[in-house]
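> Could you work out the structure for the sequence below:
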Amino acid sequence: MTSTTWAHFTRAIKALALSMLLVAAVGWWSSSDGDARVLGPHRCQGVNVPANAGLVSVFNQHGAGTTYCLARGTYTVRERVPLDPGDRVVGGGPGATTIRAASGTSVMFAYYHSDTNGLVTFKRLSVGGANRPRGENCNASCGAVMLADVRIHAVGVRCFGNGTTCFAGGAHDIVVRNFECDKNGWHPDSLKSDFQSASCMKLNHGSLTMTNSYVHDNYWDGVWCDHCDHVAFVIKNSTFVHNGRSGIVWEVSGDAVAGDHALIKSNKIRNNGWNTDGPSSAWAGIIISDSSNIEILGNTFGGNNDGSGGTRAIHIYDGTRNPEPLHDINVHDNTLNGDRIQSCATTGVTCE
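Numbering: from 1, shown residues only. Predicted structure coming up:
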């Protein structure tokens with residue numbers, strides 16, 4: 001090796017060593033936004049939070065717009081962790097970084113701000129386990145990751161095992177991508193007809209955009225828009241399997257304000273409707289109840305239980321809760337695999 005080559009080699013080694021020191025100093029590592037169940041390359045620059053640290057104590061030391069870089073490991077939440085507008089909670093990957101609620105912790109994250117247009121973001125982690133004791137009357141507030149009136153983005157996140165739901169209450173304008181949501185809504189109070197909210201997510205206002213996600217094994221509904229207003233409810237390229245009542249519910253929605261609508265496109269919706277013990281007379285892959293302005297196209301159905309021994313892809317119901325008659329319900333170019341669509345002949349409904 002010539003002296004010139006050796007000099008180049010030693011400079012390269014020193015540069016590598018310096019970059020490794022910078023990584024350690026500022027909290028920069030690699031992993032991907034990709035599939036919620038797979039790790040790949042990414043980076044996080046912000047406040048390093050070591051595994052097992054008390055999140056409330058750490059988060060209280062920093063202001064709005066902070067990025068928290070969580071290490072691989074488990075964090076146990078015993079009280080609500082306060083988030084500020086613009087905060088980002090970033091892990092090393094779902095399954096690698098887990099935030100889990102301690103016994104009796106019913107809500108995991110809080111947002112104490114009047115600015116309801118604030119945004120909080122979760123990325124590349126698993127979060128869940130929010131709970132109240134199984135025998136307690138908790139009126140559908142039996143366990144959730146977040147209920148605050150705030151915008152939420154979740155990318156590369158798994159949300160699991162909450163007593164009622166992952167995101168609900170005041171949460172609005174939710175965007176999820178590469179999101180896995182499972183085993184939520186197990187608490188008996190979450191299934192009572194007076195307080196029924198068991199789901200992966202239940203919205204009441206604002207929009208939802210879901211893409212490339214996996215919603216499965218929730219005890220009642222997958223994603224549920226109930227009396228939604230100011231809503232664009234858009235679900236694409238996602239999978240809904242083995243949810244208790246239905247994969248997707250569009251209920252008393254679509255007419256609150258001009259422009260409210262739903263688009264359900266290119267999803268796999270199969271084998272939902274197993275929990276026929278719940279308070280319902282309808283089970284299906286998708287439920288449309290007293291709602292309008294929805295397009296359902298390019299989806300693949302199959303094996304969705306109708307509660308009476310058959311299978312049903314879509315159940316369309318026109319009741320008395322919405323004074324507007326059904327209109328602009330457009331169902332076309334779906335693969336049913338033996339599932340039926342109920343009420344296609346109803347005025348305001350088009351099935352092709």
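> Surely Ala198 is in contact with Asn162?
No. Shown here, Ala198 and Asn162 do not form a contact pair, counting by CB atoms under 8 Å, at 9.6 Å. Glycine gets a C-beta too; all of them are placed from N, C-alpha and C.
> Using neighbour counts, pick out the buried residues of stretch 225-245.
225-229, 231, 233-236, 238-245 (16 or more other CB atoms under 10 Å).
> So for Ala198 and Asn162, which residues contact both of them?
Asn184, Gly185 (CB atoms under 8 Å, 6 or more residues apart in numbering).
> nearest residue to Arg80 other than its sequence neighbours?
Ala110 (3.9 Å; CB to CB, 6 or more residues apart in numbering).
> Next: Gly156.
Nearest non-adjacent residue to Gly156, counting by CB to CB, 6+ apart: Arg124, 4.4 Å away.
> Give me the three-state assignment for that neighbour.
Following DSSP: H, G, I helix; E, B strand; the rest coil, we place Arg124 in the strand state.
> Distance check, it against Val47.
16 Å (CB to CB, to the nearest Å).
> Tell me if I'm right that Glu136 and Asp189 touch.
Yes. Here Glu136 reaches Asp189: they are 7.4 Å apart, a contact under CB under 8 Å.
> Neighbour count for the two, which is higher?
Asp189 (23 against 15; other CB atoms under 10 Å).
> Give the bridge partners for the residue nearest to Arg80, please.
Pro82 (DSSP bridges).
> need the contact list for it.
Contacts of Ala110 by CB under 8 Å, 6+ apart are Arg80, Val81, Pro82, Leu83, Met146, Ala148.
> so who does the second one touch?
Val81 is in contact with Leu55, Val56, Phe59, Met108, Phe109, Ala110, counting by CB under 8 Å, 6+ apart.
> before we move on, what about Tyr68?
Counted by CB under 8 Å, 6+ apart, Tyr68 has contacts Gly46, Val47, Val49, Val58, Phe59, His62, Asp87, Arg88, Val89, Val90.
> try it again with 7 Å
Gly46, Val47, Val49, Phe59, Arg88, Val89, Val90 (CB atoms under 7 Å, 6 or more residues apart in numbering).
> Looks to me like it is in a strand.
Yes. Per three-state DSSP, Tyr68 lies within a strand segment.
> Nearest residue to Lys186 in space, please, no chain neighbours.
No, residue 186 isn't Lys; it's Trp. Closest to Trp186 by CB to CB, 6+ apart is Tyr219, at 5.1 Å.
> Confirm for me that the one you found is in contact with Asp189.
No. Contact criterion CB atoms under 7 Å: Tyr219 and Asp189 do not qualify, at 11.9 Å.
> and the residue nearest to Trp186, how far is that from Arg340?
25 Å.
> of the two, who's got more company?
More crowded of Tyr219 and Arg340, by other CB under 10 Å: Tyr219, with 24 against 16.
> Other residues contacting stretch 263-282?
191, 193, 196, 219-220, 234-248, 283-286, 295-307, 315, 317.
> next one: that stretch to chain centre, how far?
16 Å (CA atoms, centre = their mean, to the nearest Å).
> and that stretch, which residues are buried?
263-265, 267-275, 278, 280, 282.
> quick revisit: reformat the contacts of Tyr68 into CSV and put pLDDT and neighbour count next to each item.
Output for the contacts of Tyr68, formatted as CSV (pLDDT from 0 to 100; neighbours: other CB atoms under 10 Å):
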residue, pLDDT, neighbour count
Gly46, 97, 19
Val47, 98, 15
Val49, 98, 22
Phe59, 98, 19
Arg88, 98, 18
Val89, 98, 28
Val90, 98, 25
